[in-house]
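> pasting the sequence and the predicted model now:
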Amino acid sequence: MPYFTYDTSVIISRKVIDLRGMPGSFLMSAIALTELSASASDVSELKVYESLFHAYENEQRLIVPNH
């Protein structure tokens, strides 16, 4: 199955806002979500990123480094 993911800088520069609506072949990097969470401008934005983390994790589309 083909897949792709974006670096945090691409998500920010391309204004990728609808991360929930990405195709099923899109894998989210836990590192990118952590970086986006750290740069959240308020609590509501932080909650969106936390929700995305859990959604991608539940769908097994979250890339988590383990080494």
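Yes, it's here.

> in the chain, what spans have low per-residue confidence?
By pLDDT under 70, the weakly predicted segments of the chain are 1-4, 14-17.

> biggest helix in it, by residue count?
helix 43-58 (DSSP state H).

> could you pull out the helices in the protein for me?
Using DSSP H, helices in the chain cover 8-13, 30-38, 43-58.

> pull the residues that contact the last one.
The reference is to helix 43-58. 19, 20, 27, 28, 30, 33, 36, 37, 40, 62 (Cβ atoms under 8 Å, 6 or more residues apart in numbering). Every C-beta, even on glycine, is put in place using the N, C-alpha and C of the backbone.

> go ahead and confirm the first one touches residue 12.
No. Judged on Cβ atoms under 8 Å, residue 19 makes no contact with residue 12 at a distance of 11.8 Å.

> which one's more surrounded, those two?
Legend: neighbour count by other Cβ atoms under 10 Å for residue 19 and residue 12, higher for residue 19 (19 against 14).

> count the neighbours of the closest residue to that one other than its chain neighbours for me.
Nearest non-adjacent residue to residue 19, counting by Cβ to Cβ, 6 or more residues apart in numbering: residue 52, 5.5 Å away. Residues lying near residue 52 (other Cβ under 10 Å) number 18.

> cool, residue 64 as well?
10.

> tally of neighbours for residue 51?
Neighbours of residue 51 (other Cβ under 10 Å): 12.

> going by neighbour count, which of the contacts of helix 43-58 comes out on top?
Busiest of the contacts of helix 43-58 [other Cβ under 10 Å] is residue 28, holding 23 neighbours.
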